[in-house]
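Trainee: Pasting the sequence and the predicted model now:
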Amino acid sequence: MRNNVGAVLASKPAQVAFEKRRSGELEELYGAHTKNSVYQDKITLVDSTNIENNAGPSTSKPQPVPPNKKRTISKPNTRSKKKTKRLEVRDIKHLSFDQKIHALVGNFCSNNILNLASPGLIPERFKVEIQKIKKELEIALSLAANEQERQLLIQLSNTKSLEDIESLVKSIPLVPQTALTKLIAIWQSEVLLNHDHKEAWFQMQLYGDLLDSAFLFDKNYNIKRSECHASTIKYLKKMKKIDGTEKDCKVDLILFNHGYGDMFTCEDKCESAMPGAVQNDFEKGNKLREKRLLYLKSIIPYKSNINHIEVLSAQFHGLTLTIYGSKMTEIGDIVHYQKANASIPASPFNHLPQAAHYLLTVLSLQRNIAINLKKLEIIFETCLKDAVEYLTAPIGVTNSNLFFREDSPGSECSHESSTNDELELEEQERRITECIDQQIKNLDNNDEGFLTANDWESFIAK
């Protein structure tokens, strides 16, 4: 019997039956494993979606769901964040000047800086308002010259040869004479037609005579040349207005006044300088003017005095001189802008009006810097005169910002003062600020016989 069973199991039909059964079990086993893997992947995907939508990790482990139970999948949160309201012209049209600047800074700028020298910063819809701001700031360099200088520059524009210029040089003031004499020598040698000159060559052969000489006989300034350190950074460190570890800043030209520090700075770059190097000088000029305004804000008697102050700097790039300016509002916002631009012609032929315009621009720059110095003198001398007249302590001694650092936001004033003291201080401020405003308003180049205009064409047409 046992042999018969063994024969049956070993028969071919029995072996085929056994093979089919084994294959079915493996298929069933593999299918179940595959289904479980796919199911687990679906659970993981759903949990990942919930994590992204809810911005938080899931705290529970995935639990299997019976096949006959429908799983609920959370839908992503499609609600969008509330958009910032777009600033329109009507929103700033009727604001005060300071508030208008503050609104533009808050919407389109950073670090309380409105840089009008940077193209594409402000949307075109604000074009009219920006023009009003420029007019209020008196951005354009006011061209100024006395009658003798004006006639000289007109004659220079009309000359046709170097011989005509040489005959003209003999009858002109010393400063323009120095510049023109240098230009004649440069033009005769034709060295400006060579574009390979480096920065040191421009400083020695050109910038010294065509820029520095305008300030050579002005006793209000010391001219510092080539890699000198800006004193403004040193002053702010001493006053603890900036970090003491901040590096000193080297500048190519500084006009230094012993009473008020750096009145003007200039950076030089040769014509072949890389655009990145020129841009770095541009940014350095912006930062120095910002620091200069911060320093002056710290030493002036009253916040409103800052409205009268303008800080100037320049950048030479090859034969082109660009002048920049900055002003600060009472709120503390700073506006940068380009004030003027002039170029030295490489050749005199058919370019002498360009040479005359350059000389006029440098002369006007020198006089604008002088006016800025006069404004500072008016601000501080008026405080001393008031102290003498009313027998009061000078406001610079009793109320100077020099000895204080900025309060943290939300801080409250801790000092106590009687009502009488407050009224006296308010009256003193009113007297001094009104006197300062009136004196600066009357400050005019015409007192010294200067003709003024904001562009070359109107200056020539006067």
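Mentor: Nice, I can see it.
Trainee: show me what contacts Leu255?
Mentor: Taking CB atoms under 8 Å, 6 or more residues apart in numbering, we find Leu255 in contact with 215, 221-224, 262-265, 369. Glycine gets a C-beta too; all of them are placed from N, C-alpha and C.
Trainee: actually Lys269, not the one I typed
Mentor: So Lys269 contacts 199, 277-278, 281, 315-318 (CB under 8 Å, 6+ apart).
Trainee: any idea how far Leu210 is from Ala185?
Mentor: For Ala185, the distance to Leu210 equals 12 Å [CB to CB, to the nearest Å].
Trainee: if you count what's nearby, which of those two comes out ahead?
Mentor: Set Ala185 next to Leu210 and count neighbours by other CB atoms under 10 Å: Leu210 wins out with 24 against 13.
Trainee: Skipping its backbone neighbours, what lies nearest that one in space?
Mentor: Residue nearest to Leu210 in three dimensions, not counting chain neighbours: Ala179, with 5.2 Å by CB to CB, 6 or more residues apart in numbering.
Trainee: And Gln188, by the same measure?
Mentor: Using CB to CB, 6+ apart, the nearest residue to Gln188 is Leu162, at 6.5 Å.
Trainee: Compute the number of surrounding residues for the one you found.
Mentor: By other CB under 10 Å, neighbour count at Leu162 equals 16.
Trainee: so how far is Ser142 from it?
Mentor: 31 Å.
Trainee: again with Arg431
Mentor: 30 Å.
Trainee: ditto for Leu425
Mentor: Counting by CB to CB, the gap from Leu425 to Ser142 is 36 Å.
Trainee: higher neighbour count, those two?
Mentor: Between Leu425 and Ser142, counting by other CB under 10 Å, Ser142 is the more crowded of the two (18 against 15).
Trainee: Pretty sure the more buried one sits against Asn368.
Mentor: Yes. Counting by CB atoms under 8 Å, Ser142 does reach Asn368; the two are 6.6 Å apart.
Trainee: which secondary structure element contains the residue nearest to Leu210?
Mentor: helix 174-189 (DSSP states H and E).
Trainee: what element comes up after that helix heading to the C-terminus?
Mentor: Defined by DSSP H and E, the subsequent element after helix 174-189 is helix 199-202.
Trainee: Show me which residues of that next one are buried.
Mentor: Going by neighbour count (16 or more other CB atoms under 10 Å), the buried part of helix 199-202 is 199, 202.
Trainee: any idea how far Gln205 is from Leu319?
Mentor: Distance from Leu319 to Gln205, by CB to CB: 12 Å.
Trainee: typo on my end, it should be Thr178
Mentor: 14 Å.
Trainee: Repeat that for Ser142.
Mentor: 30 Å.
Trainee: what's the answer for Ala103, then?
Mentor: From Ala103 over to Gln205 (counting by CB to CB), the distance is 48 Å.
Trainee: and if you look at Leu87?
Mentor: From Leu87 to Gln205 the distance is 50 Å (CB to CB).
Trainee: SS state for Leu312?
Mentor: What DSSP: H, G, I helix; E, B strand; the rest coil gives for Leu312 is strand.
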